[in-house]
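**Q** Got a predicted structure here, sequence first:
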Amino acid sequence: MSSPSIHAFKPFNLGHGSTQEVHVKVQEIIYYGESRFRQATAAMTKAEARHQGWMQECLKQELSFIMSYVGIATTMGLVVEVPIVLRSLAVSLGPVPTDELPIPFDLGFIALLEVGTNCDQFGRVVNSYRLNWWDNTRSPAEHRRLTAQTLEACLQHHRFQLSLDPNGLHVPSKPIRVIIPPLQLHGSAAPSTAAEIDCRNCDRYRSLADDLMDEMRNLENLSAAMEASTSNEVEIAKRRTAGFYILNERVTLKELQSKTITVDGVGTGTRAQKTSRHVRQIAREDLRRFQSSADQKWTYGEPLTVRDILNLRHVSGQRNHTGYDTSLDQGRLRGEFSDNLLHPIPTVFREC
């Protein structure tokens, strides 16, 4: 292998930085930044206001370092996946001057963080991080931040954490997938005939391949950006739906625990008829009242107080209601099964 040197850019030369290993390493660094910043911003949203200034300054510095690898990948013609948190911080925190920090966290970004990650994501949150300055109460020194000098130590620690699940058990590792591998075009040997010397097709094909790769990169980058944004909106919608379900469940439980409302019958007829007539009158009066007041809406059930809603965050011993995350044990199969694929002969009933 030749020694490294400063040379002209050649996109189709595998010896000039566009190897698969370089592509995977750049993508790994980007995934690490996603995981690290998820954990950091989640802690920052809960930190006191007096710490927001130096925390956002540290975050902005590390964000610029990670996003420099996105710029390197773009310059080299590599297609990399940039997850949603990195994109959000780059577009919101990146352009803000340091002297204007801190800035508030948008509720949409907090909802993004609350969605969380799963074990299949390379940028998922892990149990611990090296140089976790967001857990401290003062600004860290330069050697306690993510820089070019501390990157390898942070990556080594993160690789080990990725091999563990949230409970500390080892899980099988997955290799990082390269979206579009580098185009491998090698120059042929020296031409030996006059026809080969005059042939210009190789240059044309190289130019055509370069244009096609640019189009593929642009399409992939656009689709990746749309996928990251859409997936985030879908996950937030799922979480919001789950929240509404919890509220509805709490209203139902509170209504079941409330006192029974008795309705006296009115008019003539049976008891059921008189009670139904009174219920209809109450419903018509309520509907007329709601329609005449623009500031009211049709609701049902017991009203939840602020305390009721806040108590939903602190449920002791809460477990998954559905149990879908746990596979059921294989039950005992009873009966006899036939390997015959023909339909059974129907039973014919005849009149006697």
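**A** Perfect, I can see it now.
**Q** and residue 46, that's in a strand?
**A** No: looking at residue 46 with DSSP: H, G, I helix; E, B strand; the rest coil, it is coil, so not inside a strand.
**Q** For it, grab the count of nearby residues.
**A** Residues lying near residue 46 (other C-beta atoms under 10 Å) number 7. Backbone N, C-alpha and C define where each C-beta goes, glycine included.
**Q** List phi and psi for it.
**A** phi -100, psi 0 (degrees, to the nearest 10).
**Q** Read off the pLDDT value for the closest residue to residue 98 other than its chain neighbours.
**A** Nearest residue to residue 98, sequence neighbours excluded (C-beta to C-beta, 6 or more residues apart in numbering): residue 57, at 5.9 Å. Per-residue confidence (pLDDT) for residue 57: 96.
**Q** And the helix or strand harbouring residue 57, what does it pack against?
**A** If you go by DSSP states H and E, residue 57 is part of helix 52-76. For helix 52-76, the elements it packs on are helix 20-44, helix 84-92, judged by 3 or more C-beta pairs under 8 Å, 6 or more residues apart in numbering; DSSP states H and E.
**Q** Tell me which of these lies nearest to residue 274.
**A** helix 20-44 (59.2 Å; C-beta to C-beta).
**Q** list the contacts for residue 133?
**A** 55, 58, 139, 140, 144, 145 (C-beta atoms under 8 Å, 6 or more residues apart in numbering).
**Q** Using the three-state scheme, assign the third one.
**A** This points to residue 139. From three-state DSSP, the assignment for residue 139 is coil.
**Q** Tell me the spatial nearest neighbour of it, not counting adjacent residues.
**A** Nearest one to residue 139, counting by C-beta to C-beta, 6+ apart, is residue 54 at 3.9 Å.
**Q** The helix holding residue 57: which residues count as buried?
**A** Across helix 52-76, burial judged by 16 or more other C-beta atoms under 10 Å covers 52, 54-56, 58-60, 62-63, 65-67, 69-70, 73, 76.
**Q** buried stuff in stretch 133-152?
**A** Result for stretch 133-152 [16+ other C-beta under 10 Å]: buried residues 133, 134, 145, 146, 150.
**Q** Just give me how far that stretch sits from the chain centre.
**A** 25 Å (C-alpha atoms, centre = their mean, to the nearest Å).
**Q** Next, the distance between the ends of it.
**A** Stretch 133-152 has an end-to-end distance of 17 Å (criterion: C-alpha to C-alpha, to the nearest Å).
**Q** Check the average confidence over it, would you?
**A** Mean predicted confidence for stretch 133-152 is 95.
**Q** With stretch 74-89 instead?
**A** 88.
**Q** Output it as PDB, restricted to C-alpha atoms.
**A** Provided in PDB are the C-alpha atoms of stretch 74-89 (Å, rounded to 0.1, in the frame of the first residue of the first chain):
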ATOM      1  CA  THR A  74     -20.300  15.100   0.700                       C
ATOM      2  CA  THR A  75     -17.000  16.300  -0.700                       C
ATOM      3  CA  MET A  76     -15.800  12.800  -1.400                       C
ATOM      4  CA  GLY A  77     -19.000  11.900  -3.100                       C
ATOM      5  CA  LEU A  78     -20.100   9.400  -0.400                       C
ATOM      6  CA  VAL A  79     -23.800   8.900   0.500                       C
ATOM      7  CA  VAL A  80     -24.300   8.800   4.300                       C
ATOM      8  CA  GLU A  81     -27.300   8.700   6.400                       C
ATOM      9  CA  VAL A  82     -27.800  11.800   8.600                       C
ATOM     10  CA  PRO A  83     -30.400  10.900  11.400                       C
ATOM     11  CA  ILE A  84     -33.100  13.300  12.500                       C
ATOM     12  CA  VAL A  85     -31.500  14.700  15.700                       C
ATOM     13  CA  LEU A  86     -28.300  15.800  13.800                       C
ATOM     14  CA  ARG A  87     -30.400  17.300  11.000                       C
ATOM     15  CA  SER A  88     -32.600  19.200  13.600                       C
ATOM     16  CA  LEU A  89     -29.600  20.500  15.500                       C
END
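**Q** got a list of contacts for it?
**A** By C-beta under 8 Å, 6+ apart, stretch 74-89 touches 11, 17-18, 22-23, 26-27, 30-31, 33-34, 37-38, 41, 59, 63, 66-67, 70, 73, 90, 109, 112-113, 123, 179-180, 182, 213-214, 216-217, 220-221, 224-225, 228-229, 231-232.
**Q** same thing but at 6 Å, please
**A** Residues from elsewhere that reach stretch 74-89 (C-beta atoms under 6 Å, 6 or more residues apart in numbering): 11, 18, 23, 27, 30, 33-34, 37-38, 63, 70, 73, 123, 179-180, 217, 220, 224, 228, 232.
**Q** Residue 176 is in contact with residue 24, correct?
**A** Yes: look at residue 24 against residue 176 with C-beta atoms under 6 Å: they come within range, at 5.1 Å.
**Q** Can you give me the distance of residue 121 to residue 57?
**A** The gap separating residue 121 from residue 57 is 28 Å, by C-beta to C-beta, to the nearest Å.
**Q** residues contacting residue 111?
**A** So residue 111 contacts residue 236 (C-beta under 6 Å, 6+ apart).
**Q** going forward, begin numbering at 26 instead of 1
**A** Sure thing, new numbering starts at 26, so read that last one as residue 136.
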